[in-house]
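Novice: generate a structure from the sequence data that follows.
(chains A and B)
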Amino acid sequence: MPLRDNKQLTAFIPGTIIDVKVKVGQQVKQGDILVILDAMKMHNRIISPINTTVKEINVKPGDRVVKGFVMVTLD
Amino acid sequence: MPLKSKIEELKKRKEEVLQGGGEQAIAKQAAMGKLTARERIIALLDEDSFHEYDLFVEHEARDFGMDGKVLHGDGVVIGTGSIYGAPIAVFAQDFTVAGGSLGMMHARKITKIMDYALRMRIPLVGINDSGGARIQEGVNSLAGYGEIFWRNTLSSGIIPQLSVILGPCAGGAVYSPALTDFVFVVDKISKMFITGPEVIKSVLGEEISQDDLGGARVHAEITGNAHFYAESEIECFEQIKKLITFIPWNNSRKARRFEPKEPKPEFNIGKIVPNDPKQPYDVRDVIKALADDSDFFEIQEMWAGNIVIGFGRLNGETIGFVANQPLVMAGVLDVDSSDKAARFIRYCDAFNIPLCTLVDLPGYLPGIDQEHAGVIRHGAKLLYAYSEATVPKMTVILRKAYGGGYIAMSSRHLRADFVFAWPGAEIAVMGPEGAANIIFRKEITEAANPEEMRRKKVEEYKEKFANPYVAAARGYIDTVIEPKETRKLLLHALEVSSTKVADRPSKKHGIPPF
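Specialist: Just a heads-up that it's a prediction; the model follows:
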């Protein structure tokens, strides 16, 4: 059982995607901003919890996402 | 027998007991990456300050082959010493002796040092490393745990109680740490659970390792049971020592005063919080821009990160900082963050530590799971804790303060002593979008271009209400200040509230929404 899912990054609340900062296959470091999610009156930074590569991106700017939606999958 | 021989005998007896569980057991402990009970105490306390008591205690068990069995010190070390000169009472379970199992005399040693700590009004540090109840001693073991829990509760709010988990701590044993103020865990060493993997497997058929069930990271990140997480025992002891510098010996004293120091220049308070309320930032930088020497000692760093709690100093005096964290989940209040902050506020109030609250939040987190997880009950803890606290309470509204979140975060209405707001503060019943949609619903729906009308009305509302001056006009905030004036005002507030009188109607105790 994983402590915290470090591979599947989900929306903590419904919101709108403002920006996608990375591409599939791109190497990312812990703390890098992957996606900006507008929710709860904030441009929330969705950051990489680990050093890895981006496996899948399921959102593009302007998309509305529901709570729990997997926005980015990491390798 | 001449005196010299008597002294020789004492030395011999001591030497034997100090072997603990013997060479083999000590080697096993070392192989697990663990120090022994006495090594731990020596590493934690000031050099040569430790004095051990009850070295020669022996168990009285007769059943199940216990008769005649020697258990040195009955598996626990107790004594007194100091940390940076502050007196400390300590017990450390000795895993090398019968797995640190808790029998009747073992428990009596612990309760003896607990009674001593309470009587002398000095902090108690308990180092837990035990397989649990000593089964051979039956109900006497259970009685021992009960006696410990009762004393933990009796001492709560009078002396600081710190629990260090340096090994297994399972079953009933977990409740003593849970009743204390601060719990320290170490990666790969700490294990805490009510029922272990074997029971879970036999009853539920679920398989899980000890670490995944109740390891250090689980309690630091998921359950919130632990307050401090370390990678090694030595790092853990450094955390304990640092904590001791921030807290008083007991509830009738103030924490030790340090030489005041200005914050470090790299934390420029005017440049941390973005003007655009939708842009996040790390609120810990604001705390560091305010605190002496930019020194901030964070508590429960890895759990409920949407609220930040911890100790810093203002003008040399310990302060409890509570701050919404816009960097994590927009800084919302939810079940866990309310719970985390509420407990910390009550700790500070019990130990005469003034509170400084930094506000920037969109409100409580909406959602079915939050409602069903009891956000009403947990959110109420925060209101209760702030309302109940009589220590000096200083509030700085940095940016957003909307709705219930505004009230909960140490508002004037919950009797904050000082409420300051920055010029960019937005203090209103709700955010401009939501408010405009409700107030101007008719105009918006009936307009030729509803979207444009909505935008116009949102702007109108923002202009009129998303500022600190409506609240200032009612005296709900005391003054609107520039960010760079904040530390100066907090220092002043602290000075004028040092003789604060807060009379409350007498009662046995309140009933907080636990």
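
Novice: any chance you could map the strands in the stretch 101-250 of chain B?
Specialist: For the stretch 101-250 of chain B, applying DSSP state E, counting those that start in this stretch gives strands covering B:124-128, B:161-165, B:168-170, B:182-186, B:191-193, B:228-230.

Novice: out of those, flag the one nearest A:Asp5.
Specialist: Between A:Asp5 and these, the tightest spacing by CB to CB is seen for strand B:228-230, at 19.4 Å. C-beta: built from backbone N, CA, C; applies to glycine.

Novice: tell me the mean pLDDT for that closest one?
Specialist: Mean per-residue pLDDT for strand B:228-230: 98.

Novice: quick one, what contacts B:Asp269?
Specialist: I think there's a mix-up here, since residue B:269 is Ile and not Asp. Contacts for B:Ile269 (CB atoms under 8 Å, 6 or more residues apart in numbering or on different chains) come out as B:Val286, B:Ala289, B:Leu290, B:Pro483, B:Lys484, B:Thr486, B:Arg487.

Novice: cutoff 7 Å now
Specialist: By CB atoms under 7 Å, 6 or more residues apart in numbering or on different chains, B:Ile269 lies in contact with B:Val286, B:Ala289, B:Leu290, B:Pro483, B:Lys484, B:Thr486.

Novice: taking chain B, what residue is nearest to chain A?
Specialist: Nearest to chain A in chain B, going by CB to the nearest CB, is B:Ala330, at a distance of 3.6 Å.

Novice: spell out the secondary structure type for that residue.
Specialist: Taking DSSP: H, G, I helix; E, B strand; the rest coil as the rule, one finds B:Ala330 in the helix state.

Novice: what's the answer for B:Gln24, then?
Specialist: When classified by three-state DSSP, B:Gln24 comes out as helix.

Novice: could you check how many residues crowd around it?
Specialist: 9 (other CB atoms under 10 Å in any protein chain shown).

Novice: repeat that for B:Ala61.
Specialist: 21.

Novice: now do it against B:Gly224, distance only.
Specialist: Distance from B:Ala61 to B:Gly224, counting by CB to CB, to the nearest Å: 37 Å.

Novice: next one: A:Gly15
Specialist: Using CB to CB, A:Gly15 is found at 26 Å from B:Gly224.

Novice: can you check B:Gly171 too?
Specialist: Counting by CB to CB, the gap from B:Gly171 to B:Gly224 is 20 Å.

Novice: again, but for B:Glu460
Specialist: 43 Å.

Novice: also B:Ile83?
Specialist: 26 Å.

Novice: excluding residues flanking it in the chain, which one is nearest B:Arg13?
Specialist: Closest residue in space to B:Arg13, ignoring its immediate chain neighbours: B:Phe56 at 6.8 Å, by CB to CB, 6 or more residues apart in numbering or on different chains.

Novice: what about the one you found, how many neighbours?
Specialist: 13.

Novice: do you know the pLDDT at it?
Specialist: For B:Phe56, the model assigns a pLDDT of 95.

Novice: report the secondary structure state of it.
Specialist: Assigned with three-state DSSP, B:Phe56 falls in the coil class.

Novice: if I look at A:Leu3, what pLDDT would I see?
Specialist: You'll see A:Leu3 listed with a pLDDT of 51.

Novice: correction: B:Asn467
Specialist: Note on B:Asn467: pLDDT of 93.

Novice: any idea whether it is helix, strand or coil?
Specialist: Three-state call for B:Asn467 (three-state DSSP): coil.

Novice: what's near enough to touch it?
Specialist: If you count contacts by CB under 7 Å, 6+ apart, B:Asn467 has them with B:Glu426.

Novice: low-confidence bits of the chain, can you list those?
Specialist: No chain specified, so I'll use chain A. For chain A, the stretches with pLDDT under 70 are A:1-4.

Novice: okay, strands next: where are they in it?
Specialist: Remark: strands assigned in chain A by DSSP state E are A:8-10, A:15-20, A:27-28, A:33-39, A:42-47, A:52-57, A:64-65, A:70-74.

Novice: identify whichever of those strands lies nearest to chain B.
Specialist: strand A:42-47 (3.6 Å).

Novice: in stretch A:47-64, which residues are buried?
Specialist: A:Ile47, A:Ser48, A:Thr52, A:Val54, A:Ile57, A:Asn58, A:Val59, A:Asp63 (16 or more other CB atoms under 10 Å in any protein chain shown).

Novice: and for stretch B:41-49?
Specialist: Buried residues in stretch B:41-49, counted by 16+ other CB under 10 Å: B:Ile41, B:Ile42, B:Leu44, B:Leu45, B:Ser49.

Novice: and what of stretch B:297-309?
Specialist: Across stretch B:297-309, burial judged by 16+ other CB under 10 Å covers B:297-309.

Novice: one step back: who has more neighbours out of B:Ile83 and B:Gly224?
Specialist: For the pair B:Ile83 and B:Gly224, the greater number of neighbours falls to B:Ile83 (21 against 18), based on other CB under 10 Å.

Novice: regarding the nearest residue to B:Gly85 once chain neighbours are set aside, what is its secondary structure?
Specialist: In space, and not counting its chain neighbours, B:Gly85 is closest to B:Asp46: 7.0 Å by CB to CB, 6+ apart. On the three-state scheme (three-state DSSP), B:Asp46 is labelled coil.

Novice: same check on B:Asn275?
Specialist: coil.

Novice: for the closest residue in space to it that isn't next to it in sequence, give me the pLDDT.
Specialist: The shortest distance from B:Asn275 to any non-neighbouring residue, by CB to CB, 6+ apart, is to B:Gly424 (6.2 Å). Per-residue pLDDT puts B:Gly424 at 95.

Novice: just give me the neighbour total for B:Gly424.
Specialist: B:Gly424: 20 surrounding residues under other CB under 10 Å.

Novice: do I have it right that it meets B:Asp276?
Specialist: No: counting by CB atoms under 7 Å, B:Gly424 does not reach B:Asp276; the two are 9.4 Å apart.

Novice: any idea which helix or strand of chain B has the worst average confidence?
Specialist: Counting by mean pLDDT, DSSP states H and E, chain B has its least confident helix or strand at helix B:432-439, which shows a mean of 87.

Novice: let me see the contact set for the residue nearest to B:Gly85.
Specialist: B:Gly81, B:Ser82, B:Ile83, B:Tyr84, B:Gly85.

Novice: please apply the same query to B:Gly379.
Specialist: B:Leu333, B:Ser338, B:Tyr364, B:Ala408.

Novice: Throw these into JSON lines and include distance to B:Ala466 and secondary structure, thanks.
Specialist: Formatted as JSON lines, those follow (distance: CB to CB, whole Å; DSSP: H, G, I helix; E, B strand; the rest coil):
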{"residue": "B:Leu333", "distance to B:Ala466": "20", "secondary structure": "strand"}
{"residue": "B:Ser338", "distance to B:Ala466": "25", "secondary structure": "helix"}
{"residue": "B:Tyr364", "distance to B:Ala466": "19", "secondary structure": "strand"}
{"residue": "B:Ala408", "distance to B:Ala466": "19", "secondary structure": "helix"}
